[in-house]
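Engineer: have a look; sequence and predicted model below, questions after that.
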Amino acid sequence: MSHHNAILLLGSNIGNQKKNLEIAFESITDKNIVILHKSKFLYSEPVEFVSSNNFCNIALRIETDLSPIQLLNSLKEIEISMGRLVDSGNTRNYSDRVMDIDIVSYDNLVFLSKRLEIPHYRHLYEREFSRLLLDSLFLNRT
């Protein structure tokens, strides 16, 4: 089995956001995905929609033997199990959410499908909070 490195961004803006992220970490490792490094937690305002609930975000560097689509499916299962009802990736209508997990990169792969874009352009180039998390991930490995 080959091992792949990927970067994930997680965010929560409903309930106890930090606790939600910790539950997501456990769920990720339950899927036989190894968390190699975590960034610092970062609080940010919602992007692309209006809400009075700020997000708690974190970036993870992981190792997996799952393909990109298998990884996406596993992460979507986690989101749903935590109470996410609407996948904004499909609707492009953003709203408050218990858990949001995005694949930012996967090895050096360039991949584009209806469900998945790798690398995740908006997180790499358009969203300031994402860049801060990614910088933190590589500068402050914990």
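Structural biologist: Thanks, I have it. Please read these numbers as outputs of a predicted model, since none were measured by experiment.
Engineer: only C-alpha atoms for contact and neighbour calcs from this point on.
Structural biologist: OK.
Engineer: following the chain onward from the helix or strand of the chain with the lowest mean pLDDT, which element is next?
Structural biologist: When the helices and strands of the chain are scored by mean pLDDT, DSSP states H and E, helix 88-91 comes last with a mean of 54. Using DSSP states H and E, the helix or strand that follows helix 88-91 towards the C-terminus is strand 100-106.
Engineer: tell me the strands beside that following strand, with direction?
Structural biologist: Strand 100-106 has the following sheet partners, assigned by DSSP bridges: strand 4-12 (antiparallel).
Engineer: which parts of the partner strand are buried?
Structural biologist: The neighbour-count check on strand 4-12 (16 or more other C-alpha atoms under 10 Å) flags N5, A6, I7, L8, L9, L10, G11, S12 as buried.
Engineer: ok, and for whatever helix or strand comes next after it, which residues are buried?
Structural biologist: Going down the chain from strand 4-12, the next helix or strand is helix 17-30, by DSSP H and E. Across helix 17-30, burial judged by 16+ other C-alpha under 10 Å covers Q17, K18, N20, L21, A24, F25, S27, I28.
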